[in-house]
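Asker: The following block contains a protein sequence and its predicted model.
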Amino acid sequence: MRYLKEVIIIAVAIFFLTSLTAISYAAQPNPIKNIPQVTKSQEIKPLLQPLSLQASAIPSLCTSLDNTINSVIQIAHKDMKATLTPDHIAFPGIWELYYTGGQYRNYVHNCCSQNKSFSVQDQQAAGCTNSDTVGQCMDKLTKYCISQFKTKNELKSQLMQSREKANALSTETKQLSDKLNQLITIMP
């Protein structure tokens, strides 16, 4: 009962901030958009010359990763920290996303950069074939490029720990909410 007030605040804050985060990020412009489209007369084929993101649409993986990284940072670092201060919850892996130069986020941005060019050797390493469209090959290239992040497995492990921590917190706050509803219902 001693921490009841804090747990209620956390539960309400998580619900409120999750919905706000989705709305706020949906309204923000994405720097990865606004790329010129290739016409039929300019059509480029994979495995014949270097490819760059300027010559095709940005793969959805880039936009999805960028938006998700920003959401994770917003929720786990800023919102949760502000809500739980001074005894905030530390989420493993978030530090690496946000601080230490945002190494993974910067790496993703580099792989998804309009200035990024992929050689024929890069295309072959990514698994592009002659029958692929440029869009299909670019999807493979960006996925391959991002997958080459040096400490990917360590970061993924840390983020799984954070997910477990967030799930446990969510479960506990849901249990508290259920018990509070039960208590309110039976109170005369």
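Answerer: Okay, I see it.

Asker: burial measure for residue 142, as a count.
Answerer: If you count neighbours by other CB atoms under 10 Å, residue 142 ends up with 23. Where C-beta positions appear, they are placed from N, C-alpha and C, glycine not excepted.

Asker: Give me the spatial nearest neighbour of it, chain neighbours excluded.
Answerer: Spatial nearest neighbour of residue 142, excluding adjacent residues (CB to CB, 6 or more residues apart in numbering): residue 59 at 4.6 Å.

Asker: cool, residue 113 as well?
Answerer: Closest residue to residue 113 in three dimensions, ignoring its sequence neighbours and counting by CB to CB, 6+ apart: residue 53, at 6.7 Å.

Asker: Please apply the same query to residue 96.
Answerer: residue 155 (5.7 Å).

Asker: contacting residues around the one you found?
Answerer: By CB atoms under 8 Å, 6 or more residues apart in numbering, residue 155 lies in contact with 93, 96, 104, 149.

Asker: make it 10 Å
Answerer: Contacts here follow CB atoms under 10 Å, 6 or more residues apart in numbering; on that basis residue 155 touches 92, 93, 96, 97, 103, 104, 149.

Asker: quick one on the thing from earlier: is it true that the residue nearest to residue 113 touches residue 114?
Answerer: Yes - because the distance of 5.1 Å satisfies CB atoms under 10 Å, residue 53 is recorded as touching residue 114.

Asker: and the lengthiest helix in the chain, what's its mean pLDDT?
Answerer: In the chain, taking DSSP state H as the definition, the longest helix is helix 152-186. Mean pLDDT, taken over the full extent of helix 152-186, equals 84.

Asker: Show me which residues of it are buried.
Answerer: Within helix 152-186, the residues scored as buried using 16 or more other CB atoms under 10 Å are 155, 158, 159, 162, 166, 169, 173, 176.
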